[in-house]
Each structure stands twice: as C-alpha cells, then as structure tokens.
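Novice: sequence unavailable; structure follows:
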C-alpha cells in the first residue's frame, strides 16, 4: 500500500534530494518508520532518541493535521499523501539574555558610511562576527554622553573614541588640576589649568580625529539636564557625588535612556547598567542617599589611581555592548570590584515596584532639587557653622605673630601629618577627638584644622556638644595655609 | 546561500513589518533554489499565532505552511524560507530563533525601530544547528 510522503526542503538533503518518496505502511507511524529505514540520516531529525516524533515536526495526512486525527495511529491507505511540516517559530530573546531589546539608536546606522581609511582603522572590529560593518556603523551612528571627564570619564571616553563611537558628549565645568593627573589619563601635564573638556577633546581627537566631540562646559543641573541628555543614546555616569548621580539617574528614567554607571573609592569600585525600560534604576538599588559626609569623596578619602581604569573600561564595554546589541548587559546586576582582593562579585538588583521614579506609581515626575534631596545646603555639610566659628589662615597667622594664647589642633591622620604640617599644631585625629577631650582646656581658645576644613568642622561640633565655647575652624584647612600664608608647606 | 530578493519584495516585507509593529510579523518566501543561489518569486504574509506574546515571538500555523507549500509546488516552486521582524531590535537572529530554526531554509529578518523598518538581513542555520551564518541579499 504505497503512500506518498512529501519531504520539506530542509530535509531533502537526507532523501537524496527527493521531494516526494513512496513508502508502504498502514499508519502514519509505520510509514514514517519505513521512510527513515530507507533514509537513516533523516531519523534524528524526525524522531527523538526514545523513538517519539519530535514536537516541532508535524505530519499532515492529505490536508489534515494528524494530531487532530489519531496521531501516529492514524490509518493511511493507498494513494494518501503525508506531508512532513516543520514548525516555524522564532522571536526576540527575553530581557537580560541577549542585549536590551528596548534599546535602539536614534540615528539610522544604515545611513553611515565608512571610508576605506576607516575600514582599515577598524579592521580588527570588522572581522569579528559580533561587530562586522553593521556593528561598526552602529558605533558610528551612536551618541554617548559622558558626565564628568575625571577618573572614570578618562578611560571611558578614550576607549569609546578609539572604538569609533561617532559622537561623544562631554559634561564638565572644572579645570585640570595637578592632583587629577594621578588617575585622569585623558588629561596631561601640558593641559594643567585648562578647562577639562578642552583638555579631553585634545586627547580624544589625537586618538581618533573621526570622532565628533560635543562639549558642554556647564554644571549639570535640574534645569539643563533633560535638554543636554535628550540628544544622546546612552549616558555614562562618571560623576563623584550623589547629587549628580541621582540627577543623572532621574533624567535617564524620564527620557527612557540607559545609564551606564560606575563609582570608585580607594580600592573598590562598582558598575551597573541602570535602564528602567528593561530593568531597575539607581533608585531601586539606592532609594536614599547616604547622610552628607558619610561616604567621603575621592578628594577626601583618596583613590588608587589605577582603579578607575578598571571601572571606566567596564563602563566602556557595557556602552559598546548596548550599541552593538550583543551579549548580556549589566542590567539588573551590580558588579563590585575589590582591587586588594582582586575579586569581582555580582549582586542581583531588582526593579522596585514602589520606586518613586520608575515604579508602578511614580511620585517623581520631573527633576527635583538634588542638593536638598541629598541634604546639602550651601556647600556646608551637617550643621552650618556661624561666621564667628570660622577663622581664615591669615587671621591664624596674625594671632601667632601677636603671640595670642591659643591651641592649634590638627584633626587629620598621622600619615597626612607626615606629608605637611602647620608648625605648633597638636595632632588629634578626628576619630580620637571624643576620647581625648580631657586633653583640651575649655578656657583656652582652640583652632581646629584639617586638609580642607570639612573634618575640622565635624570636630568643632563634637567640642561644642562637650561644652567648649571658644572653638574656631580654620577655613580651607592646611591647603589654605599653604596658599595664603606659607607656600613652603606642601599642598595635597 | 545568497538570496535574490527584488527590491519590490523587500519593500513588501518592510511594509508588513511596519504594519504589525510593535508585534512581530512573519511570512513565507516562495521561490526556487537553483545552483548556488535562492531566488524569491513572491512573499506571502502569514498570521502570527503567538497571541500570548506577539511582541517578541512568532509562530506560523503548520496548516498555513501546508497550503502555501502546496500552491507553490503547483507552480513548480517551493517554500525556500521565512521572514520575520524584530521590533526595536537589530536584524540578527536571537538564541530563540536559533533553537527553532531549520537548516536549509533562508531566514530573513527585518529590524523595525519605532515603527520604521530598517535593515533586512538573510541568515542560514548551520547543519549542526550551532549558529546562524549571514549570507548576502542580492
């Protein structure tokens, strides 16, 4: 009882290119088994190891799906036609496994052209199947904004420029300082004193003249942030303070843009991609900023110069992956790096349904006052000092010259004391002040100092609370002393 | 295998992709495989039966494939491949595409970004099913 089996195109290579095969058999199953006996290579495509018809293979008897008849037991008779029909399905990957599906470039990469010169420049990219001409055009079409051109922004922008990212925006209003050069490798000895964005532009253009650099020499604020960010595809956050970090996060959420985040402190760093469209935002992970002064900045606490190289480059890689649409982005994951242990740890970050900006019922619908949100008022942390509690370096010098009786107390660490000191100052590190109150005479006038005036302001509060009345804080710390009184004292 | 796809047919695929955005569209490539290239004679839109998740999935009813295949055979042609769209994503096969594809068919993917159709690319699954290779659209 011969029946005709129609073999679909992809399987014809196993039937010696026969489209139609005649076999015997009384049921669908027996006909198919006869078929694979004649063409053994076909077996593994039709049947699983346990001999069952594979779930993505359908068999039609004449015009009817055998599953709607009696399945494999469906009887067949002379002259019937069996058609093997492969299931046809596909689709995008789920979020977090294979790129960020919601992310797309504003500019059409197909509109980009690469000159022969550029083809040669990017040849090591073009021969990778994950990049190719298509990916390189995506990089060229991409616009990335780097907030801050400091420790993180330096390697980040340099690698993005080298990789061929078409437009790199820079936001910074600072000038290059000598203390930056220990880590901010986009700046050079020769650009000390120049605006950072000009200095960075010079280096980036030197690396790759094809890159379009857009300079925003402003402080990012609630007033200008949306306007500056809206033209970019990706925002890379290389800032060093919580106000700007929350501002960048909120602006990215409101604009639906990914925020490639990094932060560093001493030997440790963090990185993540906050993209509220496909995952959590910075506020989901950190709903509240820490109390002012609790997390010291790099200027106060220091940072290993090489560390931002690691974290900034992780940000650059995440940025490039988003642009290419390749791999698994750091969305919903927080990467923690410890340079001393040389270890990476990864934590899941979940989207908070109650997040005030990206949750189900957002209460933050526009940019707010981030100084207020972070508890910062007029540049002073904690309780503001009155003018009567402050004293300038010059006034302290005058007191010394007059022979006034007062105690100068240095609340810095011993290793800072070893760098530079004001003659006659008594070293009492801030952490020990509380335990050493008995060493002070409350009838004496006391002048406190540190490096910049911040820690000594905290020490002043401690003394005040202990009942000391005649206490003053040296404004600007030992650095002001070096600048205004005695340049032979090293600034740091 | 490189694919001969007339600009007019490519436009029909783009139009279908734009029409169904933000859902994935899908359809058949009917034509002939001759020597070292595949020529598409016409494209036939199919219904996406994945109503549970049409934004990132497509599935073609096998009955529809039987019908289209039968009509194609009557003309001396065959189903040489399928097209589908990737809304707001590149025209590159996903892992899910790879798991559900068949070697021997051309898989044409069109990217649609914010309602606008973008690049169209042609992919073939390797015989060992490990990955897709891109081939030209002529």
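Specialist: Here it is on my side, so go on. These numbers come from a predicted model, not from an experiment.
Novice: now do the residue in the stretch 301-450 of chain A that chain B sits nearest to against residue A:260, distance only.
Specialist: Per CB to the nearest CB, the residue of the stretch 301-450 of chain A with the smallest distance to chain B is residue A:325, at 4.5 Å. Heads up, the C-betas are built off the backbone N, CA and C, glycines and all. Using CB to CB, to the nearest Å, residue A:325 is found at 15 Å from residue A:260.
Novice: of the two, which one has the most company?
Specialist: Just comparing residue A:325 and residue A:260: by other CB atoms under 10 Å in any protein chain shown the higher neighbour count belongs to residue A:260, 30 against 24.
Novice: my guess is the more buried one contacts residue A:315. True?
Specialist: Yes - checked against CB atoms under 8 Å, the pair residue A:260 and residue A:315 is within contact range at 4.9 Å.
Novice: overlap in contacts of the two?
Specialist: A:236, A:271 (CB atoms under 8 Å, 6 or more residues apart in numbering or on different chains).
Novice: now the strands: where do they sit in chain B?
Specialist: Counting by DSSP state E, chain B forms strands over residues B:3-4, B:26-34, B:37-46, B:58-60, B:78-87, B:106-113, B:116-125, B:132-135, given from the N-terminal end onward.
Novice: buried sites along the second one?
Specialist: It refers to strand B:26-34. Applying a neighbour-count criterion of 16 or more other CB atoms under 10 Å in any protein chain shown, one finds B:26-33 buried in strand B:26-34.
Novice: repeat that for stretch A:27-43.
Specialist: Of all the residues in stretch A:27-43, those buried under the rule 16+ other CB under 10 Å are A:27-36, A:39, A:42-43.
Novice: same check, this time on stretch A:286-296
Specialist: Those buried within stretch A:286-296 under the rule 16+ other CB under 10 Å are A:289, A:293.
Novice: ok, now stretch B:43-62?
Specialist: Of the residues in stretch B:43-62, those with enough neighbours to count as buried (16+ other CB under 10 Å) are B:43-46, B:48-50, B:54, B:56-62.
Novice: can you check stretch A:431-445 too?
Specialist: Judged by neighbour count using 16+ other CB under 10 Å, the buried positions of stretch A:431-445 are A:433, A:440, A:445.
Novice: over to residue A:449: give its phi and psi.
Specialist: Taking degrees, to the nearest 10, you get phi -150, psi 160 for the backbone angles of residue A:449.
Novice: excluding its backbone neighbours, what's nearest whatever residue of chain B ends up closest to chain A?
Specialist: Shortest chain B-to-chain A distance, computed as CB to the nearest CB: residue-wise this is residue B:104, at 2.9 Å. In space, residue B:104 comes closest to residue A:10 once its chain neighbours are excluded; the distance is 2.9 Å by CB to CB, 6 or more residues apart in numbering or on different chains.
Novice: ditto for residue A:231
Specialist: Distance criterion CB to CB, 6+ apart; nearest residue to residue A:231, sequence neighbours excluded, is residue A:143 at 6.4 Å.
Novice: can you name the residues bridging to that neighbour?
Specialist: According to DSSP bridges, the residues that bridge with residue A:143 are residue A:167.
Novice: touching, residue B:13 and residue B:120? I think so.
Specialist: Yes - in terms of CB under 8 Å, residue B:13 counts as a neighbour of residue B:120; the distance is 6.6 Å.
Novice: more neighbours, the two?
Specialist: residue B:13 (24 against 21).
Novice: helices or strands up against the lowest-mean-pLDDT helix or strand in chain B?
Specialist: Comparing helices and strands within chain B by mean pLDDT, DSSP states H and E singles out helix B:95-100 as the least confident, with a mean of 80. When contacts are defined as 3 or more CB pairs under 8 Å, 6 or more residues apart in numbering or on different chains; DSSP states H and E, helix B:95-100 sits against strand A:88-90.
Novice: and the strand it packs on, how far from the chain's centre?
Specialist: For strand A:88-90, the gap between its own C-alpha mean and the chain's C-alpha mean amounts to 35 Å (CA atoms, centre = their mean, to the nearest Å).
Novice: and the helix or strand bottoming out on mean pLDDT in chain A, which residues are buried?
Specialist: In chain A, no helix or strand scores lower on mean pLDDT, DSSP H and E than helix A:298-301, which sits at a mean of 80. By neighbour count with 16+ other CB under 10 Å, helix A:298-301 contains the buried residues residue A:298.
Novice: can you lay out the buried residues of stretch A:27-43 as TSV showing pLDDT, secondary structure and distance to chain B?
Specialist: Below are those laid out as TSV (pLDDT from 0 to 100; DSSP: H, G, I helix; E, B strand; the rest coil; distance: CB to the nearest CB, whole Å):
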residue	pLDDT	secondary structure	distance to chain B
A:27	93	strand	20
A:28	93	helix	15
A:29	91	helix	18
A:30	91	helix	22
A:31	94	helix	17
A:32	94	helix	16
A:33	92	helix	21
A:34	93	helix	21
A:35	94	helix	17
A:36	93	helix	17
A:39	93	coil	15
A:42	88	helix	12
A:43	88	helix	15
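Novice: where does the nearest residue to residue A:360 once chain neighbours are set aside land on pLDDT?
Specialist: Leaving out its chain neighbours, the residue that sits closest to residue A:360 by CB to CB, 6+ apart is residue A:353, at 5.1 Å. Turning to residue A:353, the model gives it a pLDDT of 90.
Novice: so residue A:353 sits against residue A:359, correct?
Specialist: Yes - A contact is recorded between residue A:353 and residue A:359 when judged using CB under 8 Å, the distance being 5.2 Å.
Novice: neighbour count winner among these two?
Specialist: Between residue A:353 and residue A:359, residue A:359 has the larger neighbour count (other CB under 10 Å), namely 18 against 10.
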